[in-house]
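Asker: give me the fold of what follows.
(chains A and B)
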Protein chains: 2
Amino acid sequence: MKPKVAFLGAGRWALALALGLERDGFEVALWEGIESGLERLGRTRSHPDLPPESVLPEAVAFSGNIAGILNDARLVFIAVPSTELAGVVDNAARQLPGTVEAVITVTKGIDPETMERLSVRAARSLPGVPVVVLAGPGIPYGYALGDPTSLVATSEDDAAARKVRDMLTSGNLRVYSTPDVIGVELGAALKNVYALAAGIADGLGLGINARAALLTRGLAEMTRLGVAMNANPLTFAGLSGMGDLIVTAFSAQSRNHSLGVLLGQGRDLESARKELNGVAEGATTAHTAARLGTRLGIEMPIAEQVVAILDGRTKPRRSVAKLLRRSPKEETL
Amino acid sequence: MKPKVAFLGAGRWALALALGLERDGFEVALWEGIESGLERLGRTRSHPDLPPESVLPEAVAFSGNIAGILNDARLVFIAVPSTELAGVVDNAARQLPGTVEAVITVTKGIDPETMERLSVRAARSLPGVPVVVLAGPGIPYGYALGDPTSLVATSEDDAAARKVRDMLTSGNLRVYSTPDVIGVELGAALKNVYALAAGIADGLGLGINARAALLTRGLAEMTRLGVAMNANPLTFAGLSGMGDLIVTAFSAQSRNHSLGVLLGQGRDLESARKELNGVAEGATTAHTAARLGTRLGIEMPIAEQVVAILDGRTKPRRSVAKLLRRSPKEETL
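Answerer: Take a look at the predicted model:
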């Protein structure tokens, strides 16, 4: 038996990873803090967004008691929505056993209030425990089905990132490591903005040339911002940037892409949100990205147009025309 | 009236560009060296791979007389298959009028015999004339339909690249410029190898996670090779690398992707080729890339597996398993 892995949160990504790691021989336990979620988990041992055959085996424990789930764990995954991260980390920190070698966060985002990366927030509550960010092109549905999936692990504690990489690589999961925490975390958060932009282009009926141009120029935009924040520009061409951008922009299961399609078809934000089942983090991140760009003096024309569309200040077709009419320039960063 | 543009070659990309530039006010003329092609052009004024409404207006001249087509031209496009490039350039060089400000090549590839980039071959026959490479995510069908399309121009003569950029940017075409000729030309050629690999994954029934991982790790592979050949690594994250990789891997009209799908479904190269209408350059480029990797001491695991599959030395499913079983590593270049 491989070591014990605890999950805090039982969303679709947590459940898919729990299933995959159990299949690969890990002991797995899940904590869920919301009573209705716990009740559903007990009834179905599954998640409505995963393939129907993805059912947690009896060996996987779950409960609402965080101390019991954490007991003896060597790896702890944080897999809650970004708005709940601080509370869950604080709660876990008080009960973390000495067996834990790393806390792994798969929650993506930048705090819209403080502009802080989420791993920085998590690390503040966990002195002495390595915090590892795990990101990249992993659609939960595909990973649960056995689709070969590559992710990237990174941490201020480089040895911890490499340890997590080596421990988790098995079955259909292959994990790379990189020392560039800033680049990985920014790429994972910002890609939602450009997946949303690609969705808007699709909603307008534009074709693959326009989508590829938006994604590539979006990558250039997030790389420019990342460099101003001390990231390595090449990280954005990797799994948490380009890779995650591709799955988010091309998967029918992406809420950010779906929100873009509805906006491109002429719907306003409120009505589009009502139709979507779940949170599209890209709408919040677009505002954060545009504010960061202004603060750091970085041109972010695509993020600015996405914000203008979200705020109802412009029509999608006018935005595309505006992006095309910009004066010709160097393809630089 | 904008200046005269001459096209040497009348394939689908030449015809789409001719249509678009005529729409944007250029005087346009096409030369076609193959008699059956010329006859078809006279009869249909179109191309079977373009939208049916894409018909060359009467104002567009075409003929098999290269001197007449070149007369008074300020820009000359070379748009012939890579195997014909040398002959056509030599022929044009002897008759090039003094009005020509730049010869623009849209032909992608590396000479499989000499390993020479095609713009280097073209420039050798055109002393004193700037040779500009135009590449990026441009599916002819979409551009002809009016889909916003972004390309990148590059040249050893940087001023010529910027001039071509400024002259061609209009309507639904936006052109960027970069001084990195090596990066643009390698990206444009090598991306076919990884689009083919993504097709193989699709043919095996793998999902979007596997496709995104293959494309991202393919980009890392071509970047490693490019750096060893003095390219700027960031060029590969741009329009001629990532951008063109996306359209080639996700467009149903890509022959390289289609060839991969058939191979992934278990067909051998000969039978797959018979079914495809036209040349899939990626099959040749995969061998060239693997040879370049060996010569320069660059690890190219994906290109090597593509070559092994093309040569019938391994089965696609075994190749995927082999790529997944490689020992965990840093996500570096």
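
Asker: surely A:Gly20 and A:Ser170 touch.
Answerer: No. When contacts are counted by Cβ atoms under 8 Å, A:Gly20 is not listed as touching A:Ser170 (9.1 Å). Using the backbone N, CA and C atoms, a C-beta is placed for each residue, glycine as well.

Asker: and the two? Which one has more around it.
Answerer: Using other Cβ atoms under 10 Å in any protein chain shown as the criterion, A:Gly20 and A:Ser170 rank with A:Gly20 on top: 24 against 19.

Asker: hmm, whichever strand or helix holds that one touching chain B?
Answerer: Following DSSP states H and E, the helix or strand that holds A:Gly20 is helix A:12-23. No. Judged by Cβ under 8 Å from any Cβ of the partner chain, helix A:12-23 stays clear of chain B, getting no closer than 10.5 Å.

Asker: next: stretch A:222-230.
Answerer: Yes. Applying Cβ under 8 Å from any Cβ, one finds stretch A:222-230 touching chain B at A:Thr223.

Asker: which residues are in contact with that stretch?
Answerer: Around stretch A:222-230, the neighbours that count as contacts under Cβ atoms under 8 Å, 6 or more residues apart in numbering or on different chains are A:182-183, A:186-187, A:190-191, A:193-194, A:232-233, A:235-237, A:241, A:289, A:292-293, A:296-300, A:333, B:234, B:237.

Asker: need the contact list for A:Val80.
Answerer: For A:Val80, the contacting residues are A:8-9, A:11, A:33, A:88, A:107, by Cβ under 8 Å, 6+ apart.

Asker: pull out the buried members of those.
Answerer: Judged by neighbour count, with 16 or more other Cβ atoms under 10 Å in any protein chain shown as the criterion, the buried members of the contacts of A:Val80 are A:8-9, A:11, A:33, A:88, A:107.

Asker: pick out the most distant pair among these.
Answerer: Maximum pairwise distance among the buried ones among the contacts of A:Val80 (Cβ to Cβ): 14.0 Å, between A:Gly33 and A:Thr107.

Asker: tally of neighbours for A:Glu270?
Answerer: When counting by other Cβ under 10 Å, one arrives at 8 neighbours for A:Glu270.

Asker: and it, what pLDDT?
Answerer: At A:Glu270 the predicted local confidence, pLDDT, stands at 91.

Asker: mind listing the strands for chain A?
Answerer: Counting by DSSP state E, chain A forms strands over residues A:4-8, A:27-31, A:61-63, A:75-78, A:102-105, A:131-135, A:149-155, A:173-177, given from the N-terminal end onward.

Asker: which other helices and strands contact the shortest one?
Answerer: In terms of contact count using 3 or more Cβ pairs under 8 Å, 6 or more residues apart in numbering or on different chains; DSSP states H and E, strand A:61-63 is assigned the packing partners strand A:27-31, helix A:35-44, helix A:66-70.

Asker: what's the least confident stretch among the ones you listed?
Answerer: Least confident of the helices and strands packed on strand A:61-63, judged by mean pLDDT, is helix A:35-44 with a mean of 93.

Asker: can you tell me what sits against that one?
Answerer: Counting by Cβ under 8 Å, 6+ apart, the neighbours of helix A:35-44 from elsewhere in the structure are A:10, A:30, A:32, A:55-56, A:62-64.

Asker: again, only using 10 Å
Answerer: With Cβ atoms under 10 Å, 6 or more residues apart in numbering or on different chains as the test, helix A:35-44 has contacts from A:9-11, A:15, A:30-32, A:34, A:46-48, A:52, A:55-56, A:60, A:62-64.

Asker: how about the residue sitting nearest the centre point of chain A, phi and psi?
Answerer: Ranked by distance to the mean C-alpha position of chain A (Cα atoms, centre = their mean), the top residue is A:Lys108 at 3.7 Å. Here is the backbone geometry of A:Lys108 (degrees, to the nearest 10): phi -110, psi 140.

Asker: returning to what we had before: joint contacts of A:Gly20 and A:Ser170?
Answerer: Shared between the contact lists of A:Gly20 and A:Ser170 (criterion: Cβ under 10 Å, 6+ apart) are residues A:Phe26.

Asker: and A:Asn24, how many neighbours does it have?
Answerer: To be clear, residue A:24 is Asp; Asn isn't right here. For A:Asp24, the count of nearby residues is 15 (other Cβ under 10 Å).

Asker: just to check, it is in contact with A:Thr169?
Answerer: Yes. Under the criterion of Cβ atoms under 10 Å, A:Asp24 lies in contact with A:Thr169, with a separation of 9.4 Å.

Asker: give me the mean pLDDT for the longest helix along chain A.
Answerer: The residue-count maximum for a helix in chain A (DSSP state H) belongs to helix A:181-203. The predicted model gives helix A:181-203 an average pLDDT of 95.
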